[in-house]
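Chemist: No sequence on hand, only this structure:
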């Protein structure tokens, strides 16, 4: 996964520079969607590509019990968003359910680090 530099604004932090998996530095606030996928902050592509990206993310963070995702972005129309959500539900979600449960050791380590 990449890492990011943050700038503070009143009430918020915004990433202004991040290094993606490829080693390229990008601004996640203004970059194209593919750059967010490269960075590991977004998921996109074919159902197989999205599944592979989510599995990589899952293993990187030690697993997760729930996945909360914004399924609309950029210039996707309402119809395109609905189609994408249906495709995700049909072809990606069932495969995600087959992943092993999250690691209890990771959860304990994470809460101690917080």
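Modeler: Noted; the coordinates are in hand. Since we're looking at a predicted model, the values are computed, not measured. Numbering: from 1, shown residues only.
Chemist: Please pull up the helix or strand immediately following the helix or strand encompassing residue 83.
Modeler: Secondary structure assigned from DSSP states H and E places residue 83 in helix 78-91. Using DSSP H and E, the helix or strand that follows helix 78-91 towards the C-terminus is helix 93-96.
Chemist: what sits up against that next one?
Modeler: Defining contact as CB atoms under 8 Å, 6 or more residues apart in numbering, one finds that helix 93-96 is touched by 51, 54, 58, 67. Quick note: C-beta positions are derived from backbone N, CA and C, even for glycine.
Chemist: avg pLDDT for it?
Modeler: Averaging pLDDT along helix 93-96 yields 94.
Chemist: mind checking how far it is from the chain centre?
Modeler: Between the centre of helix 93-96 and the centre of its host chain there is 16 Å, according to CA atoms, centre = their mean, to the nearest Å.
Chemist: and the residue nearest to residue 55 when sequence neighbours are not counted, how many neighbours?
Modeler: The shortest distance from residue 55 to any residue that is not its chain neighbour, by CB to CB, 6 or more residues apart in numbering, is 7.0 Å, and that residue is residue 99. Taking other CB atoms under 10 Å as the criterion, the count of residues near residue 99 is 13.
Chemist: Domain map for this structure?
Modeler: The chain breaks down into these domains under automatic domain parsing: 1-31, 43-113.
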